[in-house]
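J.: 3D model of this:
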Amino acid sequence: MAMMLGALYRALLDGKVPEEQARKAAEEVAGYDSRLSSVERDLTVLKWMVGTNVALTLFVLGKVW
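T.: Below is the predicted model of the structure:
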């Protein structure tokens with residue numbers, strides 16, 4: 001079974017959604033959550049790379065002038 005968000009699954013069941021549909025919906029949302037976490041990690045790395053590049057560029061420009 002794929003990863004699933006338990007709280008969402010229980011909420012859907014409490015809302016009288018059929019069990020199969022609730023399970024599929026919870027699994028699909030969990031997949032999106034996982035992909036979003038991956039994008040956030042990549043964005044953090046890119047922020048550090050840009051910051052380092054700007055700092056080194058300013059350092060080099062300071063040495064040239």
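J.: any idea which element residue 35 lies in?
T.: Residue 35 is part of helix 19-64 when elements are defined by DSSP states H and E.
J.: So for that helix, mean pLDDT?
T.: Mean pLDDT, helix 19-64: 92.
J.: What is it packed up against?
T.: helix 6-14 (3 or more C-beta pairs under 8 Å, 6 or more residues apart in numbering; DSSP states H and E). For the C-beta atoms, the positions are set from N, CA and C on the backbone; glycine is no exception.
J.: angle of the helix holding residue 35 against helix 6-14?
T.: Orientation of helix 19-64 against helix 6-14 (axes from the mean of the first three to the mean of the last three C-alpha atoms, to 10 degrees) gives an angle of 150 degrees.
J.: And helix 19-64, how far out from the chain middle?
T.: Helix 19-64 sits 7 Å away from the centroid of its parent chain (C-alpha atoms, centre = their mean, to the nearest Å).
J.: same check, this time on stretch 47-65
T.: For stretch 47-65, the distance to the chain centre is 29 Å (C-alpha atoms, centre = their mean).
J.: go on, stretch 5-21?
T.: Centroid separation between stretch 5-21 and its chain, computed with C-alpha atoms, centre = their mean, is 23 Å.
J.: Which residues does it contact?
T.: 22, 23, 25, 26, 29, 30, 33 (C-beta atoms under 8 Å, 6 or more residues apart in numbering).
J.: Lovely, talk soon.
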